[in-house]
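[1] structure, please.
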Amino acid sequence: MREKLFQFIWLFRHYNAHHLRTVDGQSVEVVHPGRWNEHQGPDFIHAQVRIGDILLAGSVELHLRSGDWQRHAHDSSQHYDNVILHVVHTYEGKELPGIPTLVLGDRIAHSLLHRYQHLMDSSAFVACSHSLKDVQPLIWQSWLDRMVLERVSEQVLTVQALCEKYTYHWDNILWHMLISKFAPGINSNAFSELAHVIPYTKLWRERSVEARVEAMIMGLAGLLNEPFTEDYPNMLRREFQFLKSKYKLRSIHSSMHWLRMRPANFPGIRLSQLAQLMLQSDNLFDTIKNTSHWKDCMTLFKVEAHPYWHHHFKFDQPSTYSVKITGRQLGIHLMLNAVIPVMVGYARLNKNEALTQRMMLWLQQMPAEQNHIIRSFAALGCKAGNAGETQAMIFLKRNYCDERKCLDCAVGAFLLNPTSSP
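    Model (predicted):
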């Protein structure tokens with residue numbers, strides 16, 4: 001028995017409630033178990049319990065052992081003055097003065113404990129892999145709806161943190177998010193750091209000279225530190241040396257990587273595409289904010305790298321000709337991880353409910369992502385129908401399943417319910 005599990009059992013009444021009595025023999029009727037309190041103080045607040053003929057309203061404190069009340073020094077804390085019932089798993093022979101004690105240890109089914117332990121010990125993709133097919137579709141869908149809201153809210157927190165950094169300059173906030181998500185995978189940390197060091201105001205000031213935009217981005221990313229044999233990268237290097245001196249620029253500390261990725265995703269190509277996107281996009285935030293359909297927004301992120309890269313995958317290493325253009329998957333990734341979070345963040349701060357609803361509609365309209373998490377859920381019979389559901393599954397896997405938060409999950413609650421579990 002763990003304390004969190006004991007609280008879960010109390011909240012959902014997964015115990016034998018027939019003829020409940022306190023340790024001193026008074027009858028107990030749990031009218032309402034209360035609301036789970038995640039802050040300081042008793043475990044449950046706003047509970048209603050009838051003891052004998054008296055209906056009490058207040059807080060309920062749970063412990064695995066009755067002596068934990070003293071061991072946790074609750075008797076000297078005013079936060080527990082409103083406790084109307086002390087619920088324990090194991091009674092150690094000493095009542096609290098003025099607070100009735102209810103023992104539930106022998107009223108909990110061993111089958112529930114066995115199922116819980118099975119979830120905790122599972123080494124499968126998700127703990128409930130073998131039982132997920134038994135979950136009612138309405139429960140699963142409702143939980144996905146909750147997960148996508150939590151996912152977007154988590155992303156919005158990042159956006160809100162950037163508001164102070166950029167003094168609510170929404171174009172800069174959007175560009176920061178786009179840059180940080182422009183290279184998913186092994187270079188994601190380097191691009192995230194790059195987003196922090198780019199001086200956006202200075203970059204916009206240099207846009208009249210096209211090469212300087214790419215030079216600043218490449219140089220800050222640490223790709224222009226050594227001389228080259230070819231003219232184009234040497235020109236970029238000279239431009240960056242000029243900009244570095246002019247603006248006191250400092251490159252990122254993280255290193256860019258080329259291993260274990262498709263050549264089209266090499267950092268030089270991605271950085272050149274990013275530079276071209278910045279050169280071709282004016283007032284990008286307002287443009288997106290006024291775009292009604294997600295497909296129209298996607299076209300904004302379809303850009304070609306500088307022509308130099310059509311003959312190269314790395315500086316000074318010529319290759320066969322191929323146009324280096326951003327693909328559909330990168331566009332969807334940017335939409336889900338940069339555009340929609342920024343727009344929802346802006347909408348919430350400005351109480352623009354219509355914009356929020358449009359972004360949530362985009363999530364339902366965009367196609368499902370494809371990655372190992374989504375494929376693994378599909379193998380268990382849970383296929384995603386749109387991008388909102390894939391975002392929900394990714395969030396569920398990383399924040400609930402991997403953390404074994406089965407007691408906080410609607411699926412776990414269903415499987416642990418004695419009346420619904422297989």
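[2] use CA for all of it now, contacts and neighbours both
    Fine.
[3] the host helix or strand of Q241 packs against which elements?
    Counting by DSSP states H and E, the element that carries Q241 is helix 231-247. Under the contact criterion of 3 or more Cα pairs under 8 Å, 6 or more residues apart in numbering; DSSP states H and E, helix 231-247 touches helix 210-220.
[4] outside of the next helix or strand after the helix holding Q241, which residues touch it?
    Next helix or strand after helix 231-247 toward the C-terminus (DSSP H and E): helix 267-280. Contact with helix 267-280 is made by 179, 182-183, 187, 207, 210, 213-214, 217-218, 223, 256-258, 301, 303-306, 309, 313-315, 324-326, as judged by Cα atoms under 8 Å, 6 or more residues apart in numbering.
[5] N234 versus the spatially closest residue to A17 that is not a sequence neighbour, what's the distance?
    Take A17 and drop its neighbours on the chain: the residue closest to it by Cα to Cα, 6 or more residues apart in numbering is R107, 7.8 Å away. Applying Cα to Cα, to the nearest Å, the value for R107 to N234 is 77 Å.
[6] tell me which of these two has more neighbours.
    Applying other Cα atoms under 10 Å to R107 and N234 shows that N234 carries more neighbours, namely 18 against 14.
[7] let me see the confidence value for the more buried one.
    pLDDT, N234: 98.
[8] assess the claim that it and N225 are in contact.
    No - assessed by Cα atoms under 8 Å, N234 is found out of contact with N225, at 10.2 Å.
[9] what sits against the most centrally placed residue in the chain?
    The residue lying closest to the centre of the chain (Cα atoms, centre = their mean) is R151, at 4.5 Å. By Cα under 8 Å, 6+ apart, the contact set of R151 is 391-392, 395.
[10] ranges for the helices of the stretch 1-150 of the chain?
    Here the stretch 1-150 of the chain has its helices, by DSSP state H, counting those that start in this stretch, at 3-11, 68-71, 110-121, 137-165.
[11] redo the ones you listed as CSV? Include distance to C297 and mean pLDDT.
    Compiled in CSV, the helices of the stretch 1-150 of the chain are given as follows (distance: least, Cα to Cα, whole Å; pLDDT from 0 to 100):
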stretch, distance to C297, mean pLDDT
helix 3-11, 44, 95
helix 68-71, 58, 93
helix 110-121, 42, 93
helix 137-165, 19, 96
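[12] take those helices and lay them out in a markdown table including distance to I99.
    Shown next, in a markdown table, are these (distance: least, Cα to Cα, whole Å):
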| stretch | distance to I99 |
| --- | --- |
| helix 3-11 | 18 |
| helix 68-71 | 11 |
| helix 110-121 | 28 |
| helix 137-165 | 38 |
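[13] looking at these, which is nearest to F191?
    Minimum separation from F191 across the helices of the stretch 1-150 of the chain (Cα to Cα) falls at helix 137-165, 15.6 Å.
[14] buried ones in the next helix or strand after that closest one, by neighbour count?
    Per DSSP H and E, the first helix or strand lying C-terminal to helix 137-165 is helix 170-180. Within helix 170-180, the residues scored as buried using 16 or more other Cα atoms under 10 Å are 170-180.
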